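[1] let's see this in three dimensions:
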Amino acid sequence: MFQTIIKWALWSVGTIYIFIEQFRKYPNEEKGNILGLPIEEDLQKMSRFELCDFMNDYMPKKGFWELNSTTKIRLGAQLLKNSGKENALKK
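    From the prediction side, this is the model:
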């Protein structure tokens, strides 16, 4: 029961966040180059929904939009590991 309440609360806050975030104007440093990784122009122009839809097209299963934030980060970490790029800090 407690987990259901937590899940509902996170969903509610997330829904409010998504609504408010659509009005946020991101500066170029949050879109053009993220943590030293250049972001292609087509991705810079996409909305949150469009980015999730884009990710859905590359996943074996649909549902990226429904994932919670931590799960999306975990997926991104796995995709990065799968890319074969070495972690410069772990050398």
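[2] most centrally placed residue in the chain?
    Residue closest to the mean C-alpha point of the chain, counted by Cα atoms, centre = their mean, is residue 72 at 5.6 Å.
[3] so who does that residue touch?
    Neighbouring residues of residue 72 by Cβ atoms under 8 Å, 6 or more residues apart in numbering: residue 64. C-beta coordinates here come from the backbone N, C-alpha and C atoms, glycine included.
[4] next one: it from residue 65, what distance?
    Distance of residue 72 to residue 65, given as Cβ to Cβ, to the nearest Å: 10 Å.
[5] same question for residue 48.
    In this view, residue 48 and residue 65 are 9 Å apart by Cβ to Cβ.
[6] same check on residue 11?
    For residue 11, the distance to residue 65 equals 12 Å [Cβ to Cβ].
[7] do the same with residue 24
    Look at residue 24 and residue 65: by Cβ to Cβ, they are 18 Å apart.
[8] more crowded one of the two?
    It is residue 65, of residue 24 and residue 65, that has more neighbours when counted by other Cβ atoms under 10 Å, with 14 against 8.
[9] gap between the more buried one and residue 51?
    10 Å.
[10] likewise residue 60?
    Distance of residue 60 to residue 51, given as Cβ to Cβ: 18 Å.
[11] ok, these two, which is more surrounded?
    Shown here are residue 60 and residue 51; by other Cβ under 10 Å, residue 51 has more neighbours (13 against 4).
[12] next, the more buried one: phi, psi?
    With angles defined as degrees, to the nearest 10, residue 51 sits at phi -60, psi -40.
[13] and the gap between it and residue 74?
    For residue 51, the distance to residue 74 - Cβ to Cβ - is 17 Å.
[14] can you check residue 32 too?
    From residue 32 to residue 74 the distance is 25 Å (Cβ to Cβ).
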